[in-house]
Every structure is written in C-alpha cells, then in structure tokens.
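>>> Based on what follows, work out the 3D shape:
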Amino acid sequence: MYRMQRERLKMEHEADCFMLKEEVKNYLACNNIDKDDFNAIIFLQTNGFSLKFESDVKKIITNL
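So this is what the prediction gives:
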C-alpha cells in the first residue's frame, strides 16, 4: 500500500510540474517578461497557486 501511495504522489508531482511549466511559459509570453526578471512568488500569488511550488517554479525558470 505504501508503494502505491508513493508512486501516486510522484505522478501527481510530475503532473503539477508539467502544468506549472506550461503556465510559466504562458505567463512570460502574455506579460512580455524576460525570464531574468521573473519572480516566482509574484507568479504563484498572481495565479492563485500555493507557495509550496516555489522551488519547482524556480527550477522550471532556470531550465527554460
């Protein structure tokens, strides 16, 4: 049972990261923001996302 829950959480995290990446790209394009001027906290708050995603968003912006 533990293994199934761990795998489910991993898949959910991967899905969240995919969604965040698409949202970040859209946010940058729609707001004409350069990735060097991007602020993860402002992005999360503006879009109503939990601040728990801050580190994920920072990784995404670094890899764009």
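>>> Quick one: mean pLDDT for the helix or strand containing Leu20?
Secondary structure assigned from DSSP states H and E places Leu20 in helix 2-30. Over the span of helix 2-30, the pLDDT mean works out to 93.
>>> Can you measure across stretch 43-61, start residue to end residue?
Taking C-alpha to C-alpha, to the nearest Å, the first and last residues of stretch 43-61 lie 11 Å apart.
>>> list the buried ones in that stretch?
Phe43, Leu44, Phe49, Phe53, Asp56, Val57, Ile60, Ile61 (16 or more other C-beta atoms under 10 Å). No exception for glycine: its C-beta is placed from N, CA and C like everyone else's.
>>> Now do the buried residues in the helix holding Leu20.
Leu20, Lys21, Glu23, Val24, Tyr27, Leu28.
>>> show me what contacts the residue most central in space within the chain?
Closest to where the C-alpha atoms of the chain average out (C-alpha atoms, centre = their mean) is Leu20, at 3.3 Å. By C-beta atoms under 8 Å, 6 or more residues apart in numbering, Leu20 lies in contact with Phe49, Phe53, Asp56, Val57, Ile60.
>>> picking that back up, how far off centre is the helix holding Leu20?
In terms of C-alpha atoms, centre = their mean, to the nearest Å, the centre of helix 2-30 is set 7 Å apart from its chain centre.
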